[in-house]
Structures are given as C-alpha cells and as structure tokens.
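*Asks:* Okay, structure incoming, though there's no sequence with it:
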C-alpha cells in the first residue's frame with residue numbers, strides 16, 4: 001500500500017507526512033479514535049482517497065485518508081481490543097482457563113502496565129458477563145503467586161508486567177524496604193502478611209525482616225505519630241502470631257503508647273483505619289482495665305457514626321449498657337447529642353431504648369443539625385435518614401401528648417435544616433398520626449361542625465384518662481417491652497408479644513383521646529333553648545305506637561347514660577329530635593326493620609344536678625387478652641366518639 005499512498009502524494013491528494021501513519025493503519029487493520037473508540041478498517045479506497053471503518057457505534061463510517069492519518073491510532077493485531085474483535089469466543093475461553101495469559105495480553109496492550117479499572121473496562125461485559133468480583137479475586141491470587149506481575153497495594157495504581165521473573169519473597173521484601181515512612185511500611189508489611197501462606201520456607205526470614213524494620217521505625221515515631229505507631233505494633237504482633245517469633249524486651253509495647261501524656265483516645269480512634277477500630281479499643285481496655293469505659297463514654301459524643309457504632313457495641317458487650325444509656329438520655333435531654341450519635345440511635349431504635357425514644361429525640365436531632373450548620377460541618381447523614389425512614393418521625397412522636405406535638409410541629413416549620421418540600425413531607429407524616437395538627441400547619445381554624453360539645457365534667461374525665469395513659473400506662477408498657485425483650489428469642493417470647501399488642505392498644509387510645517380533647521367545646525348547658533330541642537334539653541315524648549311516655553335528656557358527646565335516660569346529642573335519636581318543637585311528630589328508624597313514631601309533649605332545660613353526677617363506668621373487658629385487661633386505658637361507655645346505638649328499648 002505504500003506505493004499507492006506515494007501515488008496519491010504525487011497527485012496532490014495526500015501529504016508526504018501521512019504515508020507512515022497510513023501504512024501502519026492498513027498493515028494492522030485496526031484503529032482507535034478518541035471519540036468513537038475501537039474500529040476495524042474494512043476497505044481502503046485509493047480512488048476516492050478514503051477508509052471505510054466499522055466503529056462500534058458507527059459501522060461503515062467513511063473517513064478521508066489525510067484526516068484518518070492525523071486522528072487515528074493504529075492498533076496491533078495482538079492488542080486485546082483487536083483480539084476481541086477477531087476472536088471474541090477465544091478470548092472468553094482464555095478468561096475461563098488462563099487468567100494470567102489474558103491479563104498479560106491486556107497489560108502488554110497498554111504499554112506494560114494497566115490499572116484494575118482498565119482491565120475491568122476491557123473485559124466487562126463482553127468477555128466476563130457475570131460476577132466480575134469473583135473472577136478478579138481468583139485472578140489476583142494467581143498474579144501474586146506469579147513472579148512476573150507486580151500487584152500494588154492501592155487499587156488506583158497500575159499492575160506491572162515484567163518479562164524476568166522475581167520471587168514472591170524478593171518482591172515482598174523489596175516493597176517493604178522501598179517504602180518511605182512508617183505508614184507506608186505498615187501497608188507493605190500488612191500486604192506481606194496476607195501472602196505468608198505462599199511463602200512456605202521463606203516465611204520466617206521475611207517475618208524477621210519485617211519485624212526488625214517495623215521496630216526500628218516504632219522506636220523513632222512513637223512520640224510524634226502515636227496512632228501510626230500503634231498500627232505498626234498491631235501489625236508486628238500479627239506477624240509474630242503467624243510465625244511464632246518471640247518478642248524482645250527492648251521492643252516498644254502498646255501500653256507505652258497509651259501512657260504518653262499527649263495521647264488521647266478520641267484522637268487515636270479518629271486516625272486509625274476503620275478496620276483497626278476494635279483492635280484499638282481492645283488495646284486501650286487492656287492498658288486501663290478499670291477505667292477504659294469512662295474514657296470511651298467521654299469521647300463518644302465527638303466520634304463519627306462508625307466509631308460510635310463500634311464503641312457502643314463494645315460497651316454493651318462488656319456490660320456497660322446502663323451507663324451508656326444514662327449518658328445518652330442526658331445528652332438528648334440537654335440537646336447536646338451529636339448528629340452521629342443520634343443517627344446511631346435512629347438506626348438502632350430497639351426496644352432497649354423504648355423509654356428514651358420519644359419526641360425529645362427529634363428535638364435533639366433538630367438542635368444537632370442546626371448546630372452542625374452553624375459550625376459549617378457538612379454532614380447530611382442524619383438529615384437524609386430522617387427523610388428516607390418513613391417510620392422514624394411517627395415512632396418518635398407516637399407517645400407524645402398533643403401539646404408537645406404542636407410545639408414540635410412549630411419547631412420543624414421554622415427549622416433551617418430542611419427545605420420547604422422536605423418540611424411538607426415530614427409535616428404530612430405528623431398530620432397522618434395527629435389529624436388535628438392540620439390546622440396548625442395550614443393556619444386554618446377547626447370548622448365548627450368538627451367540634452364536640454361536651455360537659456365540663458366529661459372533659460375532665462377524658463383529660464384524667466389521658467394523663468394516666470401518657471404518664472403511667474405507656475411508660476409502664478415500655479418497661480414491660482424492654483424487660484420481655486431481655487428474655488431472649490422474640491419468636492417464642494409470649495410476654496414480649498403481649499406487651500407489643502398492648503402497646504398498639506394504648507397508642508390507638510392515645511390518638512383517639514388527643515383528637516377528641518382537641519375537638520372538645522365544654523359547656524354547662526345553662527343556656528339551652530327550650531323553644532326547640534337542643535343540647536341541654538329534657539324532652540318528654542309519647543310513643544304513638546305503644547301510647548307510652550318516654551323522657552330523654554340530651555347532653556354532650558361523652559355524657560351518655562341510657563340507664564338514666566341520658567343520651568349523647570350524637571346518637572341517632574337525639575339527631576332526629578334536635579330542632580323539633582312541642583307538638584311535632586317524628587319518625588325514628590334505628591334500622592330498616594324498626595320504625596317508631598314519637599310526639600314531642602314538652603321541652604325543658606336540664607337540671608344542673610343532672611350534668612356530671614354519674615359515676616365513670618368500667619371498660620368492658622370482653623375479647624381482650626388477660627395481660628391487656630390489667631393495663632388497658634379506661635373508656636367512657638359507648639364508642640370513642642360518644643355515640644350510642646339508639647334509645648333504650650321500651
């Protein structure tokens with residue numbers, strides 16, 4: 001093709017500088033364009049001076065030879081991209097049977113070095129369609145055993161192929177000895193430790209070099225870099241454990257690091273890798289067995305979420321749950337708990353913390369997030385978790401009384417932690433549990449037809465019942481749940497199941513009471529209108545079908561006492577009589593099979609002694625489990641709205 005290109009140059013259709021590039025392209029038959037990627041040259045047209053190239057997304061693309069010479073890179077037929085194009089099935093077979101040969105082809109295709117990401121990009125999904133991670137783990141083990149590949153500790157660094165083989169022992173020692181600084185030496189020693197199984201007879205020799213090298217740097221860094229020194233000591237002890245090499249008296253020990261005056265537990269924990277958190281805590285505990293937990297508790301509120309998790313797990317496992325819970329309760333009440341600590345509690349949210357989890361936790365969360373904003377600490381984990389966990393806010397306000405929920409709603413409305421859309425989402429969750437809060441959010445007043453007209457006495461009974469519920473029965477139930485949970489396996493724990501069922505009953509009754517009390521409009525019925533039947537009227541009726549007199553007193557929503565002829569104004573009979581006058585005849589149909597005709601003979605105002613004089617009836621205990629009967633909240637007779645099914649049958 002060189003002669004053909006030279007003719008094109010002579011004809012003025014090409015420049016002389018393009019000839020070598022075009023010869024390389026036509027010889028290889030494959031090319032690479034920085035925008036269109038890999039391509040195969042299918043035809044060379046010297047008449048019209050152009051290539052036809054099949055790119056992955058542009059098959060049959062035509063390109064001027066001069067432009068092609070300047071924009072295309074020739075790809076060798078042995079390049080992994082060319083081999084995939086020519087024989088994809090063969091490359092797949094190589095991936096299944098000869099990991100090292102395939103990786104060698106890839107690395108040589110990219111100049112003798114290629115990163116893990118480059119290798120993955122070339123193979124997935126054309127060659128390896130499923131489970132790249134598993135394939136790579138197998139290949140990496142073979143790479144480390146081979147003496148031709150240099151596998152770095154960092155994923156971002158390239159894997160290097162060497163034609164001359166270097167033993168695993170020599171590679172590991174070279175990596176360690178070439179490492180600059182104690183941190184790098186610890187990383188190299190840790191990597192060497194992972195390969196001890198493949199060292200066989202060289203293991204003791206390599207271990208001795210690693211230990212001596214670490215000890216030399218530990219001795220000079222323990223004051224200036226205590227956290228890194230501690231990591232080095234941990235690594236050294238792991239190497240000893242794997243090789244049974246005895247320690248010497250001159251070696252720096254863990255306790256010496258902790259006893260240095262400038263060393264603080266919180267500083268060390270935040271500087272060591274996540275994988276070493278537990279080991280660091282155990283080291284501190286071994287050094288200060290009597291007071292380690294005090295220091296862990298003291299620094300807990302300033303740690304990251306993962307560190308909080310590790311520290312709390314260790315405190316609980318070592319029998320210090322009570323102290324931790326007491327500290328957590330105090331921090332929440334004082335609104336001093338950190339967002340990370342509160343995030344841990346929000347995710348944990350187990351029955352062990354039933355007596356802590358409440359509206360005050362959400363207040364503490366708002367305070368913590370606002371504090372982070374003020375201090376310009378960019379942490380959105382708690383913020384995002386509150387929005388993502390649809391049950392969190394509902395769980396926290398479930399045991400709160402209505403006034404507390406109203407205050408919490410106001411705090412949320414004015415909080416700078418959430419934008420308007422997120423606030424609406426959270427407020428909607430509150431309204432779903434507390435419908436009466438809607439008026440506070442929207443600014444509208446409760447409509448008159450939503451009000452419940454009640455006597456002062458019945459309102460007082462409802463309020464007393466509510467106070468007993470939230471101050472005694474719900475807290476007692478929370479403790480019962482916590483105690484029952486400690487008995488073990490929840491699947492067979494009948495005490496736990498009974499306590500949780502009781503919790504549902506109590507919470508349901510709590511919401512009912514809050515809604516009713518919020519709607520209540522108390523009165524003494526002293527201004528009842530006697531010209532027509534109204535709330536507070538005593539009505540004398542005549543049953544026209546039986547020709548018998550009946551008398552009913554119509555009072556508030558919660559005043560029904562059929563045995564005394566007192567009915568709630570919400571009952572079907574009262575609704576039929578309201579606004580009717582003396583002499584009116586009314587038709588009352590309690591159900592389709594019963595019809596009764598009444599005549600109103602007299603209307604009078606209720607006697608003051610009638611209102612609030614009756615005793616509070618007990619709650620019917622039918623169909624409740626024995627455990628529930630002991631602590632279920634009391635209700636007034638009839639339904640929660642005060643309605644009765646109709647008048648007393650004659």
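*Replies:* It's in. Everything numeric in this text was worked out from a predicted model, so none of it was measured.
*Asks:* quick one, what contacts residue 266?
*Replies:* 299, 302-303 (CB atoms under 8 Å, 6 or more residues apart in numbering). Every C-beta, even on glycine, is put in place using the N, C-alpha and C of the backbone.
*Asks:* Of those, which is the nearest to residue 78?
*Replies:* residue 303 (54.0 Å; CB to CB).
*Asks:* so that closest one makes contact with residue 270?
*Replies:* Yes: between residue 303 and residue 270 there is a contact under CB atoms under 8 Å: 7.1 Å.
*Asks:* The two: who's more crowded?
*Replies:* More crowded of residue 303 and residue 270, by other CB atoms under 10 Å: residue 303, with 23 against 15.
*Asks:* pLDDT value on the more buried one, please?
*Replies:* Note on residue 303: pLDDT of 94.
*Asks:* One more: residue 296?
*Replies:* pLDDT recorded at residue 296 is 96.
*Asks:* dump the residue contacts of it.
*Replies:* Contacts of residue 296 by CB under 8 Å, 6+ apart are 265, 281, 284, 311, 314-315.
*Asks:* Look up phi and psi at it.
*Replies:* For residue 296, the backbone dihedrals (degrees, to the nearest 10) come out as phi -60, psi -40.
*Asks:* next one: residue 555
*Replies:* Dihedral angles (degrees, to the nearest 10) for residue 555: phi -120, psi -160.
*Asks:* cool, residue 482 as well?
*Replies:* Taking degrees, to the nearest 10 as the convention, residue 482 sits at phi -60, psi -40.
*Asks:* How far does stretch 268-287 sit from its chain's centre?
*Replies:* Offset of stretch 268-287 from its chain centre (CA atoms, centre = their mean, to the nearest Å): 25 Å.
*Asks:* any residues touching that stretch, and which ones?
*Replies:* Against stretch 268-287 from outside (CB under 8 Å, 6+ apart): 226-228, 230-231, 234, 254-255, 258-259, 265, 292, 295-296, 299, 303-304, 306-307, 310-311, 314, 318.
*Asks:* So how do I select the buried members of these in ChimeraX?
*Replies:* Buried members of the contacts of stretch 268-287, identified by 16 or more other CB atoms under 10 Å, are gathered into one ChimeraX selection as follows:
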select :226,227,228,230,231,234,254,258,265,292,296,299,303,304,307,310,311,314
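*Asks:* Do a quick rundown of the helices in the stretch 501-650 of the chain.
*Replies:* 572-577, 626-631 (DSSP state H, counting those that start in this stretch).
*Asks:* between those helices, which gets the lowest average pLDDT?
*Replies:* helix 626-631 (a mean of 37).
*Asks:* So in that sheet, which strands flank the longest strand seen in the chain, and in what orientation?
*Replies:* The single longest strand within the chain, with elements called by DSSP state E, is strand 594-605. Sheet partners assigned to strand 594-605 using DSSP bridges are listed as strand 537-543 (antiparallel), strand 585-591 (antiparallel).
*Asks:* who's in contact with the first one?
*Replies:* Strand 537-543 is touched from outside by 528-530, 533, 548-554, 577, 596-607, 610, 650, with contacts defined as CB under 8 Å, 6+ apart.
*Asks:* Mind checking which of those are buried?
*Replies:* 528, 533, 550, 552-554, 577, 596, 598, 600, 603, 605-606, 610.
*Asks:* Could I get the buried residue list for stretch 459-476?
*Replies:* 459, 461-462, 465-466, 469-470, 473-474.
*Asks:* err, stretch 22-37, not the other one
*Replies:* Neighbour-count burial for stretch 22-37, counted by 16+ other CB under 10 Å, picks out 22, 24-26, 28-33, 36.
*Asks:* and that stretch, how far out from the chain's middle?
*Replies:* 50 Å.
*Asks:* Ok, stretch 426-436 next?
*Replies:* The answer for stretch 426-436 is 21 Å, by CA atoms, centre = their mean.
*Asks:* how near is the nearest residue to residue 113 once chain neighbours are set aside to residue 97?
*Replies:* Distances taken as CB to CB, 6 or more residues apart in numbering place residue 158 nearest to residue 113, at 3.9 Å, with adjacent residues excluded. Distance from residue 158 to residue 97, counting by CB to CB, to the nearest Å: 25 Å.
*Asks:* try residue 304
*Replies:* From residue 304 to residue 97 the distance is 46 Å (CB to CB).
*Asks:* So this structure: which segments form each domain?
*Replies:* 2-75, 81-155, 448-523, 537-623 (automatic domain parsing).
*Asks:* As TSV, these with distance to residue 210 would be great.
*Replies:* TSV is the format used below for those (distance: least, CB to CB, whole Å):
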stretch	distance to residue 210
domain 2-75	44
domain 81-155	14
domain 448-523	46
domain 537-623	72
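*Asks:* quick one: which of those domains is nearest residue 365?
*Replies:* That would be domain 448-523 among these, by CB to CB, at 19.9 Å.
*Asks:* Residue 207 against residue 246, yeah?
*Replies:* No: counting by CB under 8 Å, residue 207 does not reach residue 246; the two are 11.7 Å apart.
*Asks:* Please say which of the two ends up with more neighbours.
*Replies:* Neighbours were counted for residue 207 and for residue 246 using other CB under 10 Å; residue 207 has more, 22 against 5.
*Asks:* nearest residue to that one other than its sequence neighbours?
*Replies:* The spatial neighbour of residue 207 that comes closest, neighbours along the chain excluded (CB to CB, 6+ apart), is residue 243 at 4.2 Å.
*Asks:* so where do the strands sit in the stretch 1-150 of the chain?
*Replies:* For the stretch 1-150 of the chain, applying DSSP state E, counting those that start in this stretch gives strands covering 30-33, 37-45, 50-55, 61-64, 73-75, 113-114, 149-150.
*Asks:* between these, which gets nearest to residue 14?
*Replies:* strand 61-64 (9.6 Å).
*Asks:* what about the closest one, distance to the chain center?
*Replies:* With CA atoms, centre = their mean, you get 53 Å for strand 61-64.
*Asks:* Pull out the buried positions in it.
*Replies:* Neighbour-count burial for strand 61-64 [16+ other CB under 10 Å]: residue 63.
*Asks:* if I read this right, residue 36 contacts residue 59, doesn't it?
*Replies:* No: look at residue 36 against residue 59 with CB under 8 Å: they stay out of range, at 10.8 Å.
*Asks:* hmm, back to that, can you tell which of the domains of the chain is closest to residue 400?
*Replies:* domain 448-523 (8.0 Å).
*Asks:* From residue 379, how far out is the most centrally placed residue in the chain?
*Replies:* In the chain, the residue lying closest to the centroid (CA atoms, centre = their mean) is residue 385, at 5.1 Å. Computed as CB to CB, the residue 385 to residue 379 distance reads 11 Å.
*Asks:* go on, residue 561?
*Replies:* 59 Å.
*Asks:* Name the residue in those two with the higher neighbour count.
*Replies:* Ranked by neighbour count (other CB under 10 Å), residue 561 and residue 379 place residue 561 first, with 20 against 17.
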